[in-house]
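**Student:** Task: produce atomic coordinates for the following.
(one chain, ligands or ions: 1)
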Amino acid sequence: MTETVLLLSAIPADLRAALAARYTLVEDKPAEAPRPGIRIAVTMALAGATEAQFARLPDLRLLSSQGAGLERIDLAAAARRGIAVAYTPDVMTEDVADAAIGLMYAAARRVAEADRFVRAGRWAQERMGLGISLHRKAAGIVGLGRIGQAIARRCAGLGMDVAWTGPRPKPDQPWPFLADIRALAERSDVLILATPGGGGTDRLVDAGVLAALGPRGVLVNIARGSVVDEEALIVALQDGTIAAAGLDVFAREPALDARFLALDNVVLAPHSASLTIETRAALVARILADMDAFRDGRAFLDAASGAV
Ligand SMILES: O=C(O)C(=O)CO
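**Tutor:** Residues are numbered from 1 along each chain as shown. A predicted model of the protein is given here:
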């Protein structure tokens, strides 16, 4: 008999098909009574998992979460209950970093706007507005974890002057650390957000940080919408406090604030930074491999036991 895997949230079709080939899948019904006998459950980074969900699953031993973010999973409750938490940080690093660079160019060099300009037949009558150069400019990275480092390497390779901020300095990293995000924004032409979401980073980028970034500044966010005070960002884009933004994440997804849609100086992406053919295949393979390791009693990266 195949093992039953409980789905705590909707999951992408490729992952569902791969899991269904090996396991019996059942959907979670939140109001339901406890479900004994379930050892493995699956969630998504943005859906997370709560202690209340764990409490209904007395035999749960593995929670597998698709994604790098852990801020919506109650890791302390999982640890207390002896539930391992598998997740997929490493496989998406390079593609998410590429997406950040893509959004940086798209916003600074007005790539999406240029496309709209040509399609609207405006080229014959008008000249497109000027973009902002990126070479020799300063990039500020907020959060120098796996993805932040991959972005920093790319910016350095493009000839940008890289500095960063985060909760603590990392002496092994080659780029200057600034403890204060406003000071980082002040020295940066592009501010790129790559920090985890959650309590400590809520609205880290506020009106003051945007003012420090300035009227030729570009904001890129591939982290979480919660890291930015979105009201302040919309005002800053409307009144030219900053030049442009490239955003993959929003405070509300997919129902983002409609005011973004009216702004030409923002490039919008549907939380798609990790959506490549290669990374999707790697994510699915990693989730299956971690489940195999769990079932065979072999080690795997477990966020609940602190091996993050
Ligand atoms: O991995 C994550 O945390 C995501 O945001 C999924 O794209």
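
**Student:** which residues are contacting stretch 9-18?
**Tutor:** Under the criterion C-beta atoms under 8 Å, 6 or more residues apart in numbering, residues 7, 19, 25, 28, 42-44, 47, 66, 280-281, 283-284, 287-288 lie in contact with stretch 9-18. Bear in mind the C-beta positions are built from the backbone N, C-alpha and C, glycine included.

**Student:** Out of those residues, which end up buried?
**Tutor:** The neighbour count (16 or more other C-beta atoms under 10 Å) marks 7, 19, 28, 42-44, 47, 66, 280, 283-284, 287-288 as buried among the contacts of stretch 9-18.

**Student:** can I get the residues you listed in a markdown table with distance to the ligand, secondary structure and pLDDT?
**Tutor:** Listed next are the buried ones among the contacts of stretch 9-18 as a markdown table, based on distance: C-beta to the nearest ligand atom, whole Å; DSSP: H, G, I helix; E, B strand; the rest coil; pLDDT from 0 to 100:
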| residue | distance to the ligand | secondary structure | pLDDT |
| --- | --- | --- | --- |
| 7 | 17 | strand | 97 |
| 19 | 17 | helix | 98 |
| 28 | 20 | coil | 91 |
| 42 | 14 | strand | 98 |
| 43 | 11 | strand | 98 |
| 44 | 7 | strand | 98 |
| 47 | 10 | coil | 97 |
| 66 | 7 | strand | 98 |
| 280 | 11 | helix | 98 |
| 283 | 9 | helix | 97 |
| 284 | 14 | helix | 98 |
| 287 | 12 | helix | 98 |
| 288 | 17 | helix | 98 |
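
**Student:** Go through these and say which is closest to residue 111.
**Tutor:** Here the nearest of those to residue 111, counting by C-beta to C-beta, is residue 280; it sits at 23.9 Å.

**Student:** and the stretch 151-300 of the chain, which of its residues are near the ligand?
**Tutor:** Proximity of the stretch 151-300 of the chain to the ligand (C-beta under 6 Å from any ligand atom) is limited to residues 271, 274.

**Student:** Residue 140 versus the closest residue to residue 257 other than its chain neighbours, what's the distance?
**Tutor:** Take residue 257 and drop its neighbours on the chain: the residue closest to it by C-beta to C-beta, 6 or more residues apart in numbering is residue 230, 6.1 Å away. Residue 230 sits 20 Å away from residue 140, going by C-beta to C-beta, to the nearest Å.

**Student:** Over to residue 202?
**Tutor:** Going from residue 202 to residue 140 by C-beta to C-beta gives 19 Å.

**Student:** neighbour count winner among these two?
**Tutor:** Legend: neighbour count by other C-beta atoms under 10 Å for residue 202 and residue 140, higher for residue 140 (31 against 13).

**Student:** where's that one, which helix or strand?
**Tutor:** Here residue 140 is covered by strand 138-142, with elements defined by DSSP states H and E.

**Student:** And that strand, what does it pack against?
**Tutor:** Packing partners of strand 138-142 (3 or more C-beta pairs under 8 Å, 6 or more residues apart in numbering; DSSP states H and E): helix 146-157, strand 161-165, helix 181-187, strand 190-193.

**Student:** Tell me the residues of the stretch 1-150 of the chain that contact the ligand?
**Tutor:** Residues of the stretch 1-150 of the chain lying close to the ligand (C-beta under 6 Å from any ligand atom) are 45, 67-69.

**Student:** between these, which is closest to residue 94?
**Tutor:** Nearest to residue 94 among these is residue 68, at 12.1 Å by C-beta to C-beta.
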